[in-house]
Structures are given as structure tokens and as C-alpha cells.
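S.K.: got a predicted structure plus its sequence, pasted below:
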Amino acid sequence: MLKDKKIQNILSKKERGEKITMLTAYDYPLASLIDQAGIDIVLVGDSLANVVLGLESTKEVGMNEMIHHAKAVCRAVKNALVIGDMPFVAYHDHPQEAVRNAKRFIEEAGCGAVKLEWFDQCVETTQKIIQSGIPVMGHIGLTPQTADQLGGLKVQGREVKSAKKLVEESIALQVAGCFAIVLECIPDKLAQLITKQLRIPTIGIGGGVHCDGQVLVTYDLLGLFDGYHPKFVKQYANLSSLISQAVLQYKKEVQSGQFPDEAHSFKISPEELDQLKKQLGIK
Ligand code: KIV
């Protein structure tokens, strides 16, 4: 499917009242599985910093790391829309720098769009990126890159003033030309109100059931990340424990000589082996 068609398809899901599915991926194998399952959007999230690179904050991940992982994801994904998540350093300095970095996601990695977390110059920067021909997904509510200015990793928009600000931000991003907006960690009724106000789809993460779609960090959903566990995460599998069991079993079998067995070894004919020994002068 052409990239523009993928965005059209996502927009039409809102019109038809069909839920939009989105997950993060950072590598080829997971991205393949997610795409084969028919998920609509694969986000190469800057959560890469925490769940894959072991960094404290998403602010610590840079453009080169994001592009490296986005390339692997784009090689794997055949159907979904792949979105590159702009890391903090990519767009806070100057809108032109933001446009240059957004282009890297499209031209170097093969993504179909970029995502930007809300910040003070968000509207101007978003407009510049869209004017350069790149589709943008917005992100408001709890924006982890600037969480220190929001009182930490906590629910946003519980009071009239902050809730009104989020409504205004969502409208400003729609007017700027975003094709969709992530609503992170806000009350479900506020997410519902924003979703009803907007023409473009909302994708919730801790935004309740009334959003037009949902996103989770795949490592959280799979039980592969032991760090921070927000209330909105539902764990659908416990891969950490499966992986630990497999690794312990491997260790045991190597130590006892049980692995590798005949089924996992290669053979040389006795004649070839004899010849070899003769030539090497080995009895
Ligand atoms: O980086 C990320 O994984 C995200 C999602 C949580 C929306 O931005």
C-alpha cells in the first residue's frame, strides 16, 4: 500500500468508527510479527531509550540511534504505517533542524510519518515539517521528554485549567495539519471530549477506551521490560520468565554436555576423517 494510502486508511477508520491499533517496535523480528498480526501503525518510539538501550530518560536517545532502529523496522514492515518518533534533540533547537531530522526518518529509514511530543514551539515546528511534505502525528498529555516540566510521570489534565490547555493543544495540532494525535495519560472523559471535538483520530495510551485507537510499548505488553510499570499497561504475556527459563536450560545442557546432541551437529565421513588424520600424521 502507498504511504499516503496508509494514512487515508487510518483516517477512514475514524469515520467508520473502527478502532486503530498501534504498537512500538525497534527491530526486525518484532516489527515483522506486529505487521503480520495486522496492526495498523508501528511506532519506532523513543521509548527505545528505556526498553532497549537501558537509558534513564527518553531525552538521552539521539537521531543516529533512532535511524538505525527505524531502518530495521522498515525492512520488516510490509503493510503497516511506520512512524519515526522524533527524539528530544531532533526538534527543540530550531524548526529547520526539525525538518532536516524528520526528512532523515523518511529518506534514510523509509518511515511514512514522524511523531512529535508537544513543546512550546510545537505548532510552528509541526507546520514546517508538514509543509516539507512529511505527515506528522502529534502527542499531548504526559509527554515523557518534558515530564520534568509537568510534575513528573503523572496523569495530566485533571483540573479545568490543564484540561482546557490540552483541548486547545489538540485543536492547534489539528489546525497545523497533524493526521492524528497521541493522548497519553489523561482522564478517559477528557480523552473522549477531545476525540469528539477532532476530525482526526486520537490514539490513547492511558487515555481510556473512547480514543479512536490505542498504542502500547510492545515490551510492556509482552512482559519484557522490568522498569517503570504505569497503571495503563496491560501485560498480555510474560516473555521475561520464558526467556529466563530457556537461557537457564541452555546453560544446564551445555554444562552437562547434553547440548549439542547428534541432531544439532554435522558429520564427516570416516574415510575423509582417516585421510585427514593420515595427512596430518595423527593416529
Ligand atoms: O516512545 C514511545 O513509545 C511513545 C509511545 C508511548 C506513544 O511515544
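M.R.: Looks like it arrived, so ask away. Residues are numbered from 1 along each chain as shown.
S.K.: closest residue of this protein to the ligand?
M.R.: residue 45 (2.5 Å; CB to the nearest ligand atom). To be clear about C-beta, it is placed using only N, CA and C from the backbone, and glycine gets the same treatment.
S.K.: per-residue confidence at that residue?
M.R.: Confidence at residue 45, expressed as pLDDT, is 98.
S.K.: quick one: it and residue 220 touch, right?
M.R.: No - when contacts are counted by CB atoms under 8 Å, residue 45 is not listed as touching residue 220 (11.0 Å).
S.K.: these two: who's more crowded?
M.R.: residue 45 (30 against 22; other CB atoms under 10 Å).
S.K.: quick check: closest non-adjacent residue to that one.
M.R.: residue 24 (4.1 Å; CB to CB, 6 or more residues apart in numbering).
S.K.: ok, residue 257 - contacts?
M.R.: With contact set as CB atoms under 8 Å, 6 or more residues apart in numbering, residue 257 has no partners.
S.K.: again with residue 109
M.R.: 44, 67, 70, 71, 73, 74, 84.
S.K.: now, these that are in strands?
M.R.: Using DSSP state E, the subset of the contacts of residue 109 located in strands is 44, 84.
S.K.: and the contacts of residue 109, which of them are buried?
M.R.: Taking 16 or more other CB atoms under 10 Å as the criterion, what is buried in the contacts of residue 109 is 44, 67, 70, 71, 73, 74, 84.
S.K.: thought the last one was touching residue 116?
M.R.: No - under the criterion of CB under 8 Å, residue 84 makes no contact with residue 116, lying 10.3 Å away.
S.K.: what comes up buried for stretch 69-88?
M.R.: Neighbour-count burial for stretch 69-88, with 16+ other CB under 10 Å as criterion, is recorded at 69-74, 76-77, 80-88.
S.K.: how about stretch 171-189?
M.R.: Buried-residue list, stretch 171-189, by 16+ other CB under 10 Å: 172-174, 176-187.
S.K.: which ones among these map onto helices?
M.R.: 172, 173, 174, 176 (DSSP state H).
S.K.: what would those look like in a markdown table with distance to residue 28 and pLDDT?
M.R.: Output for those, formatted as a markdown table (distance: CB to CB, whole Å; pLDDT from 0 to 100):
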| residue | distance to residue 28 | pLDDT |
| --- | --- | --- |
| 172 | 37 | 98 |
| 173 | 32 | 98 |
| 174 | 34 | 98 |
| 176 | 33 | 97 |
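S.K.: how about these in TSV, adding distance to the ligand?
M.R.: Below are those laid out as TSV (distance: CB to the nearest ligand atom, whole Å):
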residue	distance to the ligand
172	19
173	15
174	18
176	19
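S.K.: quick check: residues of the stretch 101-250 of the chain near the ligand?
M.R.: 182, 205, 215, 217 (CB under 6 Å from any ligand atom).
S.K.: might you report the residue contacts of the third one?
M.R.: The contact partners of residue 215, taken as CB under 8 Å, 6+ apart, are 22, 23, 24, 41, 43, 182, 203, 204, 205.
S.K.: let's see it at 7 Å
M.R.: By CB atoms under 7 Å, 6 or more residues apart in numbering, the contact list for residue 215 reads 22, 23, 43, 182, 203, 205.
S.K.: out of those residues, which are buried?
M.R.: 22, 23, 43, 182, 203, 205.
S.K.: and these, which two are furthest apart?
M.R.: Across the buried ones among the contacts of residue 215, no pair lies farther apart than 23 and 182, at 12.6 Å, counting by CB to CB.
S.K.: now do the helices in the protein.
M.R.: Taking DSSP H, the helices of the chain run over residues 3-16, 28-36, 48-51, 63-76, 95-104, 122-131, 160-176, 188-197, 218-221, 239-256, 270-280.
S.K.: that's all I had, so thanks and see you.
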